[in-house]
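Peer 1: coordinates only, no sequence provided:
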């Protein structure tokens, strides 16, 4: 386990249930600065629920979440975003009527309570150069004037990634960002992850493709039945016989 002095995210004894069904029970883990941490596990293990608890989409039943040493367990999602946390979703979430450029401009300012219109106005203070660079890195600069709702599924996923880049957040959560993407686009995302980690960003991502995990993750947390079964360096976890048996059924 990483020391708390280097942990950007610290989760302690996290519990969550839905209508009596236990989804997470006693989860504790930390994510180190500049590290790419993969969250793996079978369907129903609680991976997406954990990301939702971290980002503020759900509230914890019991336990504590710290971001850079500050407790964020009860903060709403917009307040966590202000503190430097950004995420993408398993399925694209876009404002269909906004153009691609307007979408990244909106993301360049952390969400506020005042609403969409004021966010768009305040975000215009960000330089166009930075916004176009986010689009360029994701291969979307030629789509800047296209409505987000008219993008393909894969392009909408890349738009979510561009929004994260434009936001310049410190802690990044990705929920199956590569699912449904073409191999060349997956390669682009892999390069982006490595670059972000090199810049000191901390990444926590959910992924089912273990080869992809092996290629880019520094650290792996294996969730099983709502608990951390094992965590450690990538190769050690992925080659653990019990992980192979539980995850792959071998």
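Peer 2: Yep, that arrived. Computed from a predicted structure; not experimentally measured.
Peer 1: quick check: domain ranges of the protein?
Peer 2: Structurally, the chain divides into domains by automatic domain parsing as follows: 1-84+169-250, 95-168.
Peer 1: rank these by mean pLDDT and give me the bottom one.
Peer 2: Of all those, mean pLDDT reaches its minimum on domain 95-168 (a mean of 80).
Peer 1: relative to residue 193, how far out is residue 227?
Peer 2: 26 Å (C-beta to C-beta, to the nearest Å). Where you see a C-beta, it was placed from the backbone N, CA and C, and this is true even at glycine.
Peer 1: helix/strand/coil for the residue nearest the centre of the chain?
Peer 2: Centroid-nearest residue in the chain: residue 173, 1.4 Å away (criterion: C-alpha atoms, centre = their mean). Three-state call for residue 173 (DSSP: H, G, I helix; E, B strand; the rest coil): strand.
Peer 1: does it touch residue 90 like I think?
Peer 2: No - distance between residue 173 and residue 90: 11.1 Å, which falls outside the contact criterion (C-beta atoms under 8 Å).
Peer 1: partner residues bridging the residue nearest to the centre of the chain?
Peer 2: Beta bridges link residue 173 to residue 87, residue 204, judged by DSSP bridges.
Peer 1: tell me which element the closest residue to residue 202 other than its chain neighbours is part of?
Peer 2: Closest residue in space to residue 202, ignoring its immediate chain neighbours: residue 8 at 4.3 Å, by C-beta to C-beta, 6 or more residues apart in numbering. Secondary-structure assignment from DSSP states H and E places residue 8 in strand 7-18.
Peer 1: compute the inter-axis angle for that strand and strand 171-175.
Peer 2: Strand 7-18 and strand 171-175 are oriented at 40 degrees to each other (axes from the mean of the first three to the mean of the last three C-alpha atoms, to 10 degrees).
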